[in-house]
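> Need coordinates for the following:
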Amino acid sequence: MKKTLLFIAFLTLSLNANAQYVNVWKDGKLTFETKQKIDTEGDEDETDYDGENDVLGINMQIVTINQNVDKNSNTLKLVSREGCKNMYMDIIEDGRPFLPNYMSHYTVCRDGEDYVLNAVIYREDNKKAYDINLYCYDISVKQGVKILESFKFLD
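Okay, the predicted model is just below:
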């Protein structure tokens, strides 16, 4: 009986430790997963999303692109790097594409002691680019990349 109770307690703690919260940006028509809910406090609309919790912050903006983006070019990599420069941050590492069904790229930047993942997703179907800044307050870069990899579009 004691072993059964210990097993149930361990299982409950394990499930809670690995629990994921699905955050929804309704106007942006996308979701992403984090371990804690992101608080947006109404800071979202059709083109902008701002939110944070104790361990991370996220800012997203949707921009319409009126030209074709070549899948084989370094355009998204350059845009991602340029985002770091525009925020006056040091580029620490060139990332990689992170979503298999969309053109995407991230760059790791540093703002003092905090790391920021500056990411871009381009959707060819609607000619929109999603510019994402993921501020890693109390998560690792690896955990931040996992969040980027969790992005899913609702349409």
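> Distance of Phe32 relative to Lys146?
Distance from Phe32 to Lys146, counting by Cβ to Cβ, to the nearest Å: 10 Å. Backbone N, C-alpha and C define where each C-beta goes, glycine included.
> ok, now Gln61?
For Gln61 relative to Lys146 (Cβ to Cβ), the value is 22 Å.
> circling back: neighbour count: Phe32 and Lys146, which is higher?
Legend: neighbour count by other Cβ atoms under 10 Å for Phe32 and Lys146, higher for Phe32 (21 against 16).
> Which element, helix or strand, includes the more buried one?
Here Phe32 sits within strand 30-34, counting by DSSP states H and E.
> Name the residues of the following helix or strand past that strand that come out as buried.
Next in sequence after strand 30-34, counting helices and strands by DSSP H and E, comes strand 48-52. Within strand 48-52, the residues scored as buried using 16 or more other Cβ atoms under 10 Å are 49-52.
> now strand 48-52 and strand 30-34, what's the angle there?
For strand 48-52 against strand 30-34, the angle by axes from the mean of the first three to the mean of the last three Cα atoms, to 10 degrees is 10 degrees.
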